[in-house]
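Engineer: just coords:
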C-alpha cells in the first residue's frame, strides 16, 4: 500500500469480517516502529555498544534484562565495559531478544491424570 491508498475498516458481522461502502469513510492508522527508526535516535557509538550488549546477552544464555543489569551492577562480571545504560539502550533499539521471549512464554501443562489425594 502507498501513503495515498485508502484505508478500509472491516466490521464483524455474523462471525465474519465485511466491508461496505458506507464504512470506508472512517479511517484509522497504525504506527509501525522499526529498528532502523530506533537507530536514528542514537549515535553510532551507542549503536555499536548496543550491538555488543546483544552479543553479551547471547553469550550469557539470554538472561532477562533485570538479571543482566544486576549482574553488571553487582560486579559479578569482571573487566566488562558494558553498562546498565547500554543494556537498556539495546532493549530500546532492538526490543527483547526472541530467545528470551520464547523462554518466558512456554506452555506449562498440569498433570490432570493424577488422581486427587484424599484430605485427612
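Structural biologist: Perfect, thanks for sending it. Note that the structure is a prediction, hence the values are computed from the model and not measured.
Engineer: and residue 33, how far is that from residue 17?
Structural biologist: Using CB to CB, to the nearest Å, one gets 26 Å for the distance from residue 33 to residue 17. C-beta here means a position set from N, CA and C on the backbone, and glycine is covered the same way.
Engineer: With residue 99 instead?
Structural biologist: As defined by CB to CB, residue 99 lies at a distance of 34 Å from residue 17.
Engineer: So for these two, which residue has more residues nearby?
Structural biologist: residue 99 (12 against 9; other CB atoms under 10 Å).
Engineer: what's near enough to touch residue 76?
Structural biologist: When contacts are counted by CB atoms under 8 Å, 6 or more residues apart in numbering, residue 76 touches residue 70.
Engineer: So which residues of this protein form strands?
Structural biologist: Secondary structure of the chain, counting by DSSP state E: strands at 11-13, 16-18.
Engineer: Let's have those strands in CSV, adding mean pLDDT and distance to residue 91.
Structural biologist: Converted to CSV, the strands of the chain look like this (pLDDT from 0 to 100; distance: least, CB to CB, whole Å):
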stretch, mean pLDDT, distance to residue 91
strand 11-13, 77, 36
strand 16-18, 77, 35
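Engineer: Now those in TSV, please, with extra columns for distance to residue 46.
Structural biologist: Formatted as TSV, those follow (distance: least, CB to CB, whole Å):
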stretch	distance to residue 46
strand 11-13	44
strand 16-18	43
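Engineer: how about these, which one is nearest residue 79?
Structural biologist: Residue 79 sits nearest to strand 16-18 of all those, at 56.9 Å, using CB to CB.
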